[in-house]
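J.: what shape does this take:
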Amino acid sequence: MRTVPKRKAGQAMVEYIIIVVVVAVAALVIFGMFGDTIKKKMGGAIDELEGDSSGSDAVRSSKTYLEDLGD
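T.: Just a heads-up that it's a prediction; the model follows:
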């Protein structure tokens, strides 16, 4: 009769580490390829959320709003 090796826990840990490394490398590649697009999209979203602060007292930027809360 054959005995089962007792290294299954170590083998499973190595498999999980390999999976994490593959996912991390894939994320780096994707961010490298689409980095400029992601920056543009995030910049546009931030500008939209901040609002128009071109002289209108009714619409204030988030920075000004937060500064006024501190006073």
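J.: biggest helix in this structure, by residue count?
T.: In the chain, with assignment by DSSP state H, the single longest helix is helix 8-50.
J.: now that one: average pLDDT?
T.: This predicted structure assigns helix 8-50 an average pLDDT of 86.
J.: that one - contacts with which helices or strands?
T.: Helices and strands in packing contact with helix 8-50 are not found; criterion 3 or more C-beta pairs under 8 Å, 6 or more residues apart in numbering; DSSP states H and E. For the C-beta atoms, the positions are set from N, CA and C on the backbone; glycine is no exception.
J.: rerun that using 10 Å as the cut-off
T.: In this structure, helix 8-50 packs against helix 62-70, with contacts taken as 3 or more C-beta pairs under 10 Å, 6 or more residues apart in numbering; DSSP states H and E.
J.: pLDDT on the helix it packs on, on average?
T.: The average pLDDT for helix 62-70 rounds to 66.
J.: and residue 29, how many neighbours does it have?
T.: Burial of residue 29, expressed as a neighbour count using other C-beta atoms under 10 Å, amounts to 10.
J.: equivalent analysis for the one 10 residues further on, please.
T.: Counted with other C-beta under 10 Å, the burial measure for residue 39 works out to 10 neighbours.
J.: gap between it and residue 32?
T.: When C-beta to C-beta, to the nearest Å is the yardstick, residue 39 and residue 32 sit 12 Å from each other.
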